[in-house]
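A.B. asks: Fold the stuff below for me.
(one chain, ligands or ions: 3)
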Amino acid sequence: MADSRKLGFGPIAAPAGGVLVVFADDGVKLGPKTKRLLGSAADLVARAAKSERFTGKSGSTLDIVAPDGLKATRLIVIGTGKADDRKPSDLVKLGGVVQGRVPSSATEVTVVLELGNGAVKAEGAADMALGASMRAYTFDRYKTKRKDGDEGPSKGRMTLAVADVAAARKAWGVKQAVLEGVVLARDLVNEPPNVLYPVEFARRAAQLRKLGVGVEILDVKAMRKLGMGALLGVGQGSTQESRIAIMRWNGGKKGTPPLAFIGKGVCFDTGGISIKPAANMEDMKGDMAGAACVVGLMHALAGRKAKVNAIGAIGLVENMPDGNAQRPGDIVTSMSGQTIEIINTDAEGRLVLADVVHYVNTRFRPKFMIDLATLTGAIIVALGQDYAGMFANDDKLSEQLTKAGLETGERVWRMPLGPEYDKLIDSKFADMKNTGGRSGGSITAAQFIGRFVGKTPWAHLDIAGTGFASGSSDINRSWGSGWGVRLLDRLVAEEYES
Ligand code: BES
Ligand code: MN
Ligand code: ZN
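C.D. replies: Ligands and ions are numbered 1, 2, ... in the order given. I've put the predicted structure just below:
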């Protein structure tokens, strides 16, 4: 990110050179300011559109080199489709599209932030800047050479031309904190598992202290004392010690109960003794995407000095097969006192969450708890990669998350909970077992966590499909998505800040 194109805001005026980007709605409709700025080149756009059959369809582009009547060396017209109500997520995406269409060799880029139906407002301009920056993110710290044809890091400057520069800068100042949170979350997910093991992950979380976040680390001894047999059982086959990191941001009124965000941080999931097949096992370095999101979110909240009290808690373990690893058939005692029969050592995420959820609930008495976990392959079968599975014991929290999801584009789809599913995890030998069989696999996993939640409003987000991407999108070319940071930041900003 360090050497990517610098982003700033400026007034709407014809640039003295470089690449000029403008937008056209359906029917090649240009905004009034855009038309004026293009002058005689507006005609050129109309003619070029006709010969190229460019209609302004969303995502399409018209590229004009050395446009007559303009000082710009290149004019790129990006189609924005229908003008009716654009969600914040549409503008984030559009920012990503712009970044993707501008050649990385361009040093000066001016983007006129006006759509067919008028100038983009400050908040929207910040959303576009966010999308453009997210698209520019790359993770190449382990590459020592560049291959022929690889897009190099984009250099130079991108100026977003807006009606009110000061207002756009102010909105961007806030949104930049969210960007930093997303970048941090992506970095963590993309890091290899030999670098990012539990102790190192905890150290990275502790770096949030620089932003005024209080960070506490629980080591194995402390967890033993608390009786966290479920979490410790998962980590006992690894030479890497388990940790819990607890982050506190106190930006709200003193004494008001905190919001709690809890993340699954399995730094590598081999499956343990119930070992996974070799194909794609390397993806299991991303089995800490829930924890990465929580750290990214805490970074965002602190960075923008959110007026809220929030706790982030992450359970960090490595799930390995070993002479000391836990076995199918073992019975462990969780911090809550409930006993668990291990059926499959690959159903480890719920064991980690059981203890962290119980700990957070009893220690902090939070207003709500939201956990994020790459928990089940079954949720990918059910929802693919475009929605996270959401399970909730509280309709209000569920509705708020659904709404924030639609606005940010990090969408959630509610799945059922109920006693019919709960009984599938009763055990012959202990209070419960850690798997409920193939059918309803994501639901029984959620029911399992639910047994450690008590009466606190709670939502569980199964992000196995959304935490890392199989292909690239308008706003992400890397693997780790940083999914959830924007969703939860928005939930906090809209519903819970004083
Ligand atoms: N980390 C996996 C789930 C996963 C799979 C996340 C693919 C991302 C991509 C989880 O720990 C797991 O192994 N779940 C098992 C549960 C089963 C043993 C009950 C699964 O989904 O197969
Ligand atoms: Mn597993
Ligand atoms: Zn896992």
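
A.B. asks: and the gap between P366 and ligand 1?
C.D. replies: Using C-beta to the nearest ligand atom, to the nearest Å, we find P366 at a distance of 25 Å from ligand 1. The way it works is simple: take the backbone N, C-alpha and C, and place the C-beta from them, glycine included.

A.B. asks: List the contacts of that residue.
C.D. replies: Shown in contact with P366 (C-beta atoms under 8 Å, 6 or more residues apart in numbering): P257, P258, L259, A260, I311, V360, T456.

A.B. asks: Mind checking what secondary structure the closest residue to it other than its chain neighbours has?
C.D. replies: In this structure, P366 finds its nearest non-sequential neighbour in A260, 3.7 Å apart by C-beta to C-beta, 6 or more residues apart in numbering. The assignment at A260 comes out as strand when based on DSSP: H, G, I helix; E, B strand; the rest coil.

A.B. asks: Wait, A260 touches I314, no?
C.D. replies: No - using C-beta atoms under 8 Å, A260 is not in contact with I314; the gap is 11.5 Å.

A.B. asks: Which pLDDT value belongs to whichever residue of the chain sits closest to ligand 3?
C.D. replies: Nearest residue of the chain to ligand 3: D269, at 3.7 Å (C-beta to the ion). On pLDDT, D269 comes in at 99.

A.B. asks: and it, how many neighbours?
C.D. replies: By other C-beta atoms under 10 Å, the residues close to D269 number 26.

A.B. asks: where does the stretch 201-350 of the chain have low pLDDT?
C.D. replies: Nowhere does the stretch 201-350 of the chain drop to pLDDT under 70.

A.B. asks: Identify each buried residue in stretch 308-328, please.
C.D. replies: Across stretch 308-328, burial judged by 16 or more other C-beta atoms under 10 Å covers 308-321, 325-326.

A.B. asks: And stretch 470-479, by the same measure?
C.D. replies: Buried, per 16+ other C-beta under 10 Å, within stretch 470-479: D474, I475, N476, R477, S478, W479.

A.B. asks: helix/strand/coil for the nearest residue to the first one once chain neighbours are set aside?
C.D. replies: I take that to be D474. Counting by C-beta to C-beta, 6+ apart, G96 is the residue found nearest to D474 once chain neighbours are left out, at 3.8 Å. Counting by three-state DSSP, the backbone at G96 sits in helix.

A.B. asks: where exactly do the strands run in the stretch 201-350 of the chain?
C.D. replies: Using DSSP state E, counting those that start in this stretch, the strands of the stretch 201-350 of the chain run over 214-218, 243-250, 259-269, 309-319, 331-333, 339-341.

A.B. asks: Quick one: closest of those strands to ligand 1.
C.D. replies: strand 259-269 (4.7 Å; C-beta to the nearest ligand atom).

A.B. asks: Convert that closest one to CSV, retaining C-alpha atoms only.
C.D. replies: What follows is strand 259-269, C-alpha atoms only, in CSV (Å, rounded to 0.1, in the frame of the first residue of the first chain):
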residue,chain,number,x,y,z
LEU,A,259,-20.6,-4.0,22.6
ALA,A,260,-18.7,-7.2,22.3
PHE,A,261,-17.1,-8.6,19.1
ILE,A,262,-15.6,-12.1,19.3
GLY,A,263,-13.5,-13.8,16.6
LYS,A,264,-12.4,-17.3,15.8
GLY,A,265,-8.6,-17.2,15.4
VAL,A,266,-7.5,-20.6,14.3
CYS,A,267,-4.1,-19.6,12.8
PHE,A,268,-4.0,-22.9,11.0
ASP,A,269,-6.5,-25.7,10.9
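
A.B. asks: returning to what we had before: from the buried residues of stretch 470-479, pick the one nearest ligand 2.
C.D. replies: Nearest to ligand 2 among the buried residues of stretch 470-479, with distances taken as C-beta to the ion, is W479, at 18.8 Å.

A.B. asks: I'd like to know how far that closest one sits from S439.
C.D. replies: 31 Å (C-beta to C-beta, to the nearest Å).

A.B. asks: Residue numbers of the stretch 151-300 of the chain in contact with ligand 1?
C.D. replies: Residues of the stretch 151-300 of the chain lying close to ligand 1 (C-beta under 6 Å from any ligand atom) are D269, D287.

A.B. asks: same question, the stretch 351-498 of the chain
C.D. replies: Residues of the stretch 351-498 of the chain found near ligand 1 (C-beta under 6 Å from any ligand atom) are T374, L375, T376, G377, A378, T435, G441, A464.

A.B. asks: ok, 8 Å please
C.D. replies: 374-378, 380, 434-436, 441, 445, 464-465, 467-468 (C-beta under 8 Å from any ligand atom).

A.B. asks: thinking again about what came up before, between the contacts of P366, which sits nearest A13?
C.D. replies: For the contacts of P366, the closest approach to A13 (C-beta to C-beta) belongs to L259, at 43.8 Å.

A.B. asks: which ones are touching the closest one?
C.D. replies: If a contact means C-beta under 8 Å, 6+ apart, then L259 has V308, N309, A310, I311, P366, K367, F368, I370, V492, Y496 as its contacts.

A.B. asks: now do A392
C.D. replies: S398, L401, R414, L417, P457, W458, A459, H460.

A.B. asks: Please flag which of those sit within strands.
C.D. replies: Members of the contacts of A392 lying in strands (criterion: DSSP state E): R414, W458, A459, H460.

A.B. asks: which two in those residues are spaced the farthest apart?
C.D. replies: The most widely separated members of these, counting by C-beta to C-beta, are R414 and W458 (13.2 Å).

A.B. asks: Please identify which of the two sits among more neighbours.
C.D. replies: Ranked by neighbour count (other C-beta under 10 Å), R414 and W458 place W458 first, with 26 against 16.
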